[in-house]
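Asks: Give the three-dimensional model of this entry:
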Amino acid sequence: MKFIKPAPASLAIAGLALSLVLAPESGAAEVASTPPGYIVPIAAGSAEDPAMRPAMPSGLSFDDASNIALPLTHFRGAVLLINFWATWCVPCVKEMTFIDRLQGDLKGQPLVVLAVSEDRGGVSVAKAFLERQKLTFLRPFADPGGAAANALQVDGIPTSFIVDKKGRLVQRLEGPYEWDDPPIVNRFRALLTEAP
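Replies: Purely as a prediction, here's the structure:
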């Protein structure tokens, strides 16, 4: 997968467009009339029934800060938020603060945030960025060559995946979210109480 850096003037427009892509089915008209900067809430949908959740593709792996490839199965038993982002993506950068707060709010819980950088410089670029921004709870990961993004058919960033303790897809989300918003934190708390 190849990500193309949009012209700076189009970044805000692209971010807003992405935030509207994943509107809840019943609320499409409501989302269309929302003001700029509104973040579409996570919709429950059929993801509430664990038996209906599809397994994530096999063979996914992400490089950690030491450039060690960790397979997705390494995180089995934890609820995952996999977020594909890049340091040049304005909506992604704004979203990082919210993701860091989510990880902090649920510190000590079996929640793992995989902040997966699609920067060409790899995990070192993401690590330096997180340190500069003083985002204390996030660990950087990278997706060399965009292999995981390709497998998951990520068409743009930010794109996120919520995965349950058994490695099943709960929800795919396109666009930026306020991940520390109480309803979203409560949704993760509910997933964390599910039996592994």
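
Asks: Which positions in the longest helix seen in the chain come out as buried?
Replies: Secondary structure assigned by DSSP state H gives helix 90-105 as the longest helix of the chain. The neighbour-count check on helix 90-105 (16 or more other CB atoms under 10 Å) flags 91-93, 95-103, 105 as buried. C-betas here are computed from N, CA, C, even on glycine.

Asks: now the residues you listed as a markdown table including pLDDT and distance to residue 74?
Replies: Output for the buried residues of helix 90-105, formatted as a markdown table (pLDDT from 0 to 100; distance: CB to CB, whole Å):
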| residue | pLDDT | distance to residue 74 |
| --- | --- | --- |
| 91 | 95 | 28 |
| 92 | 95 | 24 |
| 93 | 94 | 27 |
| 95 | 95 | 24 |
| 96 | 95 | 23 |
| 97 | 95 | 26 |
| 98 | 96 | 25 |
| 99 | 96 | 20 |
| 100 | 95 | 22 |
| 101 | 95 | 25 |
| 102 | 96 | 21 |
| 103 | 94 | 17 |
| 105 | 93 | 24 |
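
Asks: can you tell me which two in these are farthest apart?
Replies: Maximum pairwise distance among the buried residues of helix 90-105 (CB to CB): 21.2 Å, between 91 and 105.

Asks: got the contact list for residue 98?
Replies: By CB atoms under 8 Å, 6 or more residues apart in numbering, the contact set of residue 98 is 177, 178, 179, 180, 181.

Asks: Recalculate using a threshold of 6 Å.
Replies: By CB atoms under 6 Å, 6 or more residues apart in numbering, the residues touching residue 98 are 178, 179, 180.

Asks: Could you identify which of these has the most neighbours?
Replies: In terms of neighbour count, residue 179 stands highest of those at 25 neighbours, by other CB atoms under 10 Å.

Asks: isn't that one right up against residue 102?
Replies: Yes: using CB atoms under 6 Å, residue 179 makes contact with residue 102 at a distance of 4.1 Å.

Asks: That concludes my questions; thank you for your assistance.
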